[in-house]
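Participant: requesting a structural model of the entry that follows:
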Amino acid sequence: MTQSATAAAHPNLALVKYWGYSEPSLNLPANSSISITLSGATTITSVTFDSTLDDDLFTLNDSPGTAVASRRVSAHLDRARQLAGSVDRAHVSSTTDFPTAVGMASSAAAFAALSLAATRALRLDLSPRELSILARKGSGSACRSVFGGYVEWSKGSHDSNSFARPLYPPQHWDLRVVTVAFGGRPKPVSSEEGHRAAVRSPLYTARLRELDGTLDIVREALHRRDFAGLGIAVEREALSLHAIAMTSPLVEYPWVSGIIYMEPETIRLIRAVQDWRAQGAPVYFTLDAGPAVHLLCEPAYLHTLLEEIRALFGLQSHQVWISSPGRGAWEVEGPLST
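Facilitator: Numbers count the residues shown, from 1 in each chain. Here you go, the predicted model:
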């Protein structure tokens with residue numbers, strides 16, 4: 001007997017980021033966060049539960065998943081199986097049109113899509129809140145990719161009250177996010193390791209003290225569509241996260257003084273954005289835990305911004321994704337074709 005479903009999800013870009021856990025085993029964050037769902041990148045995942053399988057099978061872009069990724073997928077399937085009272089193993093086939101481990105929240109899209117596909121295949125009818133809670137357990141930020149547009153993840157204090165909810169639908173504010181990724185080399189320290197190390201930074205508690213105020217500023221800027229107010233708050237918030245990372249000792253890597261996710265191209269683009277803005281350009285940057293830079297602008301400036309990026313990097317190896325506020329995770333009719 002087999003049961004199948006296919007789902008898709010976009011990654012999301014945190015405007016106010018979470019960094020560090022209050023309870024690592026449940027991916028409970030130390031702070032609340034706000035994000036925008038990115039239409040320009042997509043993960044599509046098919047899940048087929050099959051009573052004849054002895055083990056879960058996972059493929060990514062038609063290749064066998066790594067041992068680490070396969071274990072994470074299987075562990076998440078266990079959560080769905082527990083909800084459904086099932087013991088059937090599954091074949092999970094996933095495709096993605098953007099790179100992993102470069103600061104583009106690939107795990108958010110992956111586990112949002114996996115959560116929806118697995119629960120639909122098991123004939124579970126979860127509410128959006130319940131789906132968000134389940135997705136969070138696979139990858140924290142996946143709880144936000146369950147929803148479209150502008151999303152807030154309330155940190156909560158236990159498993160049942162840490163979930164995301166929509167703040168505004170995609171059409172509330174037609175922003176553009178231009179994501180510039182460099183080289184495609186995976187980052188040397190995973191986000192998971194970075195989260196666990198964050199509490200050891202001497203700057204960690206200072207950032208947490210500031211975050212309630214930052215969340216208020218960003219909520220108000222989104223409500224009023226205040227682009228300048230949003231942009232400055234988002235830039236400072238991104239830099240504060242990287243300050244934590246760079247001052248977090250790693251027990252697993254005692255020869256490393258801190259986590260440096262930025263590459264030289266990252267710094268070059270950040271400096272260029274601030275130079276462009278000094279000349280009147282309406283553009284701001286943010287960063288996730290990786291070298292990619294996400295540039296925020298309104299639609300009228302998009303063409304000029306793309307020309308500026310081309311002029312800055314020329315033929316240098318980089319990739320660009322253009323997003324508007326995207327939809328939440330959705331079910332796709334029929335199995336994933338390969």
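
Participant: and residue 129, how many residues sit next to it?
Facilitator: Neighbour count of residue 129, defined by other Cβ atoms under 10 Å: 15. Just so you know, the C-beta spots here come from the backbone N, C-alpha and C atoms, and that holds for glycine as well.

Participant: in what helix or strand does it lie?
Facilitator: helix 128-138 (DSSP states H and E).

Participant: quick one: strands adjacent to whichever strand or helix holds residue 15?
Facilitator: Here residue 15 sits within strand 12-16, counting by DSSP H and E. Strand partners for strand 12-16, identified by DSSP bridges, are recorded as strand 33-37 (antiparallel).

Participant: show me what the helix or strand that the strand it pairs with is followed by is packed up against.
Facilitator: Following strand 33-37 in sequence order, the next helix or strand is strand 43-50 (DSSP H and E). Using 3 or more Cβ pairs under 8 Å, 6 or more residues apart in numbering; DSSP states H and E as the contact test, the elements touching strand 43-50 are strand 2-9, strand 89-96, helix 106-121.

Participant: for the strand holding residue 15, what is the average pLDDT?
Facilitator: For strand 12-16, mean pLDDT is 97.

Participant: ok, and what's touching that strand?
Facilitator: Strand 12-16 has contacts (Cβ atoms under 8 Å, 6 or more residues apart in numbering) with 32-38, 105, 108-109, 141, 144-145, 151, 177, 179, 211, 214-215, 218, 230, 233-234, 237, 286, 288, 294, 323.

Participant: and residue 125, what element?
Facilitator: Counting by DSSP H and E, residue 125 is part of no helix or strand.

Participant: count of neighbours near it?
Facilitator: Per other Cβ under 10 Å, the neighbour tally for residue 125 reads 8.

Participant: and it, its phi and psi?
Facilitator: Backbone geometry at residue 125, expressed as degrees, to the nearest 10, gives phi -110, psi 80.

Participant: rewinding a little: check the offset of the strand holding residue 15 from the chain's centre.
Facilitator: Centroid separation for strand 12-16 versus its chain: 7 Å, with Cα atoms, centre = their mean, to the nearest Å.

Participant: now the helix or strand that comes right after it: how far from the chain's centre is it?
Facilitator: Counting by DSSP H and E, the next helix or strand C-terminal to strand 12-16 is strand 21-23. Distance of strand 21-23 from the chain centroid (Cα atoms, centre = their mean) equals 18 Å.

Participant: could you do stretch 70-79 as well?
Facilitator: In this view, stretch 70-79 has its centroid 19 Å away from the chain centroid, taken as Cα atoms, centre = their mean.

Participant: state the mean pLDDT of it.
Facilitator: pLDDT averaged over stretch 70-79 gives 97.

Participant: may I see the buried residues of the helix holding residue 129?
Facilitator: 130, 131, 132, 133, 134, 135, 136, 137, 138 (16 or more other Cβ atoms under 10 Å).

Participant: could you check the angle strand 2-9 makes with that helix?
Facilitator: 90 degrees (axes from the mean of the first three to the mean of the last three Cα atoms, to 10 degrees).

Participant: sorry, back to before: for residue 258, find the nearest of the helices and strands packed on strand 43-50.
Facilitator: helix 106-121 (22.3 Å; Cβ to Cβ).

Participant: before we move on, back to that, can I get the strand holding residue 15 as CSV, trimmed to CA atoms?
Facilitator: Output of strand 12-16 as CSV, limited to C-alpha atoms (Å, rounded to 0.1, in the frame of the first residue of the first chain):
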residue,chain,number,x,y,z
ASN,A,12,11.9,33.2,3.7
LEU,A,13,14.2,36.1,4.5
ALA,A,14,14.2,37.1,8.1
LEU,A,15,14.0,40.9,8.6
VAL,A,16,14.4,40.4,12.3
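
Participant: and that strand with helix 106-121, angle?
Facilitator: Relative orientation of strand 12-16 and helix 106-121, computed by the same axes, to 10 degrees: 120 degrees.
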